[in-house]
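[1] give me coordinates for this.
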Amino acid sequence: MSDLEALCGRCGRRVDCGDGWIHVDPAEAARAQREESGVTVCWQVHHRRCDPDPYDGGYWIDVENITSWAGLAHWTAHLMAKRWLEATDWDELLREAAGEIPPVRLRPVALESAA
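    Next up, the predicted model:
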């Protein structure tokens, strides 16, 4: 059983394990950070079939790796070593998962039954 569920940014439906990913463009994030533009690069969640550019060369994580609290913590620790992370909205993704802000990409499974 998953603790969290990912929501596709294109169709809005749940992305099942093995059917999609969460991704970001690290080059864009590094550029925003280098230029100190104040731009926040957004992490996106897509089904494989809904991703508008599935081979964009970005940084991606399969959904099944972030649908548990342990997986999300593991990937957060891993990403903290990436210099470009602070130019992304990973912190907002964590707030979505925690139920602190309205979930757009990642939400606790318990919220599904309450909705």
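[2] which parts of the chain are helices?
    Here the chain has its helices, by DSSP state H, at 26-35, 69-79, 90-98, 109-114.
[3] any idea how far the residue of the chain positioned farthest from its centre is from Leu106?
    Distance to the chain centre peaks in the chain at Glu35, reaching 23.5 Å (criterion: Cα atoms, centre = their mean). With the distance defined as Cβ to Cβ, to the nearest Å, Glu35 ends up 28 Å from Leu106. Placement of C-beta: from N, CA and C, glycine included.
[4] picking that back up, quick check, pLDDT for the residue farthest from the centre of the chain.
    You'll see Glu35 listed with a pLDDT of 94.
[5] and if you look at Met1?
    For Met1, pLDDT reads 65.
[6] returning to what we had before: most tightly surrounded among the helices of the chain?
    Of all the helices of the chain, helix 90-98 has the most neighbours on average by mean count of other Cβ atoms under 10 Å, namely a mean of 18.
[7] ok, residues contacting it?
    4, 22, 43, 72, 76, 79, 101-108 (Cβ atoms under 8 Å, 6 or more residues apart in numbering).
[8] also stretch 10-21?
    Residues contacting stretch 10-21 (Cβ under 8 Å, 6+ apart): 2, 5-8, 45-48, 50-52, 60-64, 67.
[9] returning to that earlier point: make a markdown table out of the helices of the chain and add distance to Arg13.
    Listed next are the helices of the chain as a markdown table, based on distance: least, Cβ to Cβ, whole Å:
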| stretch | distance to Arg13 |
| --- | --- |
| helix 26-35 | 26 |
| helix 69-79 | 20 |
| helix 90-98 | 16 |
| helix 109-114 | 12 |
